[in-house]
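Novice: no sequence on this one, just coordinates:
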């Protein structure tokens, strides 16, 4: 790790499926694909790591089937790194009739209503079956804003679960002879700085190889997200990777990096693309707008992606207006390029020691909006 | 043109956007895109010509807009050949409240209910505005099976329209200095051999540079389609291209070629792909079937396309089950490869004088079904 004058760090994370330059943004491939992109496109875009969702893959096609077919990398034919979440967040946000006990969380599938029990041990087992390069512990995710007592109880349970998960993951990984997989703890504590610190301290005692900050960017102001993040990163050891889960908007990425975050993921670039929201160096372009009907410029005049090199705004607008799948393909390609290229610029800025300048320029562009 | 022992012909069609080896299958790009494929993929697949739909492009984004932006090739960034239909078939199948007079056909848009009048002259103008390499005359398409008097009246009107369209197209093209565009007549006559002959003779008098057979493969038995096709091709001059519109199924393509057809188009490979129907050398594979859940073979074991080289049936099945857009992308890519590769084999078979043998082998495989 090489630190900037602020908290920003340049690093390299080594996994069984290649090294990853950090800070890194991980495109989300929920159901064993980054929506509307072939793996060939992700490779062209330079993605070194993507995220898979344990909850979805457990329910369909099932982790046992994926294990049998050689693991998630082989199943989806992706030979670069994969991080899987623990399924916790989706259980709490997507499933019905969930019931949390100390044992784990019982829930009904959003697909067919079938009942399932996800425990810390089970979440570890699923991720080992998937063969994730980086696995996450099961944590208790709560709705926000949360009363202090609820947040405190969630921290307590998250720590207890983290201990069990850590032990179980190590045992299982040793048994399988797979000791190169990472397993990260997740800090909870809602928007209470002291609870965040408490959660961090407790997880540090377990001694995970990496730490995530969970339960943020779920509706609270950006300033609060930053405040909670720095409370955690200040306590974390310098040599271990830090992952801020589920962020973020382009204009926020550099802020998180400046607070010492190494890894981020978000559905925003892919989801926004499918809704005709294009990220550009000049801000968001809502490409369905009639003003683009005759606009022969590329989506982003300074972008070097294969979409911007070939297609016009007028054409993309038409494809969206006509409801063509090709619209999602092209827009997603560009948006992922935008995020990954943005991270390349952030890494470069850290190396040159001018992340703060870079960050303020980005902010200015986004406030100004598109040309 | 080089003829096989039967009626099959090997040829080359020269257009302002490159030469096309015939017999050729043209993927359908209704709304200025072949659904779920980037142009880069079509180029990788070796497509030399695609089809655009005048009806759709006229309504959205509008031919005037496309003309203003430099024509359809530039608008969609496709530098190879484009054939556009006349819009007739879509007016008759998609729009509401159509009223046919000798002047043309008045219809309401299926998009917004707006009223439009499509005349033979207008259809020619739209296609000139789009800059099609090959344009088609407006014909009267009737429902089948049709009574003889209806079919006869449609032939009469189609011929009258064809004369007007031919004159107008030449005038406009001369005025624009665009004399390299092709303009094909369309033979009608439903399933009446004598009407088909009459229609052909009348169009031959107009002297089009190429001829299409329309109004077939709309529900009648394959034998009837073939019978009507050969009635027409027997009368057509050897040196001019012949296009059988809207066909066909893989096991039928060689039959049409054997009857002297040079060009075909069909939504089948793309539409079937989106519905999880995969064409393979062993017949159709309905990939959502549970039997493929753990099938680690490629979609088609003998296929050389980039999808078959990388992905498994199990993975494709999962993507379809999960409703992922990536499923349509991969399946469409493979199906178009299948069709274009099939046509390559047909052209090779013609050159070696063994199309009949090739055709019977295909039939046998398709009757046998997938392994």
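Specialist: In hand now; what should we look at? Given the structure is predicted, the values throughout are model-derived calculations rather than measurements. Numbers count the residues shown, from 1 in each chain, chains lettered A, B, ... in the order given.

Novice: any low-confidence regions in the stretch 101-250 of chain A?
Specialist: Low-confidence regions of the stretch 101-250 of chain A, defined here as pLDDT under 70, do not occur.

Novice: just the closest residue of it to chain B, please.
Specialist: residue A:111 (9.5 Å; CB to the nearest CB). For the C-beta atoms, the positions are set from N, CA and C on the backbone; glycine is no exception.

Novice: residues in contact with that residue?
Specialist: For residue A:111, the contacting residues are A:59-60, by CB atoms under 8 Å, 6 or more residues apart in numbering or on different chains.

Novice: and it, that one's in a helix?
Specialist: No: counting by DSSP: H, G, I helix; E, B strand; the rest coil, residue A:111 is not part of a helix but coil.

Novice: what residues does chain A put near chain B?
Specialist: When proximity is defined as CB under 8 Å from any CB of the partner chain, chain A approaches chain B at A:31-40, A:56, A:60-61, A:65, A:68-69, A:75-77, A:293-294, A:296, A:306, A:310-312, A:314-315, A:318-319, A:321-322, A:324-326, A:328-330.

Novice: out of those, which are buried?
Specialist: A:31-39, A:56, A:60-61, A:65, A:69, A:75-76, A:293, A:306, A:310-312, A:314-315, A:318-319, A:321-322, A:324-326, A:328-330 (16 or more other CB atoms under 10 Å in any protein chain shown).

Novice: stretch A:180-194: how far from the chain's middle?
Specialist: Offset of stretch A:180-194 from its chain centre (CA atoms, centre = their mean, to the nearest Å): 14 Å.

Novice: give the buried residues for stretch A:269-283.
Specialist: Under 16+ other CB under 10 Å, the buried positions of stretch A:269-283 are A:269-270, A:272-274, A:276-281, A:283.

Novice: quick one on the thing from earlier: among the buried ones among the residues of chain A next to chain B, which ones are in strands?
Specialist: Using DSSP state E, no member of those sits in strands.

Novice: how about the most centrally placed residue in chain A, secondary structure?
Specialist: With distances taken as CA atoms, centre = their mean, chain A has residue A:265 as the residue nearest its mean C-alpha position (1.9 Å). Following three-state DSSP, residue A:265 is assigned to strand.

Novice: now residue A:93, nearest residue through space, not along the chain?
Specialist: Nearest residue to residue A:93, sequence neighbours excluded (CB to CB, 6 or more residues apart in numbering or on different chains): residue A:141, at 7.5 Å.

Novice: just checking, the one you found touches residue A:90?
Specialist: No: using CB atoms under 8 Å, residue A:141 is not in contact with residue A:90; the gap is 9.1 Å.

Novice: which residues of the stretch 1-150 of chain A fall in helices?
Specialist: Along the stretch 1-150 of chain A, counting by DSSP state H, counting those that start in this stretch, helices occupy A:39-44, A:54-59, A:63-68, A:72-76, A:88-94, A:120-130, A:148-176.

Novice: so can I have a markdown table of those helices showing distance to residue B:48?
Specialist: Shown next, in a markdown table, are those (distance: least, CB to CB, whole Å):
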| stretch | distance to residue B:48 |
| --- | --- |
| helix A:39-44 | 23 |
| helix A:54-59 | 41 |
| helix A:63-68 | 40 |
| helix A:72-76 | 33 |
| helix A:88-94 | 46 |
| helix A:120-130 | 43 |
| helix A:148-176 | 51 |
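
Novice: of those, which approaches residue B:202 most closely?
Specialist: Nearest to residue B:202, of all the helices of the stretch 1-150 of chain A, is helix A:39-44, at 50.9 Å by CB to CB.

Novice: what's the average pLDDT for the closest one?
Specialist: Helix A:39-44 comes out with an average pLDDT of 98.

Novice: what helices and strands are in contact with that helix?
Specialist: helix B:306-310 (3 or more CB pairs under 8 Å, 6 or more residues apart in numbering or on different chains; DSSP states H and E).

Novice: contact partners for residue A:300?
Specialist: A:278-282, A:285, A:308, A:334, A:338.

Novice: between which two of those is the distance greatest?
Specialist: Applying CB to CB across the contacts of residue A:300, the maximum distance is between A:282 and A:334, 13.4 Å.

Novice: which one, of the helices of the stretch 1-150 of chain A, ends up nearest to residue A:196?
Specialist: Short answer: helix A:148-176, nearest of the helices of the stretch 1-150 of chain A by CB to CB, at 8.5 Å.

Novice: could you list the residues in contact with whichever helix or strand comes after that closest one?
Specialist: Counting by DSSP states H and E, the next helix or strand C-terminal to helix A:148-176 is strand A:182-187. The contact list for strand A:182-187 (CB under 8 Å, 6+ apart) reads A:15, A:86, A:88, A:124, A:133-137, A:139, A:158, A:162, A:165-166, A:169-170, A:173, A:196, A:199-200, A:203, A:206, A:208-214, A:232, A:241, A:243, A:245.

Novice: so which of those belong to strands?
Specialist: Filtering these for strands - DSSP E - leaves A:15, A:134-136, A:210-213, A:243.

Novice: residue contacts, the residue nearest to residue A:93?
Specialist: Neighbours of residue A:141 in contact, by CB under 8 Å, 6+ apart: A:88-89, A:92-93, A:154, A:188, A:214-215.

Novice: between those, which is nearest residue A:358?
Specialist: The closest of the contacts of residue A:141, once distances to residue A:358 are taken by CB to CB, is residue A:214, at 27.2 Å.

Novice: can you report how many residues lie near that closest one?
Specialist: 28 (other CB atoms under 10 Å in any protein chain shown).

Novice: how many other residues sit next to the closest residue to it other than its chain neighbours?
Specialist: With CB to CB, 6+ apart as the criterion, residue A:214 has its nearest non-adjacent residue at 4.2 Å, and that residue is residue A:186. Look at residue A:186: counted by other CB under 10 Å, it has 28 neighbours.

Novice: how far away is residue A:186 from residue B:35?
Specialist: Noted for residue A:186: a distance of 41 Å to residue B:35, by CB to CB, to the nearest Å.

Novice: swap in residue A:224?
Specialist: 44 Å.
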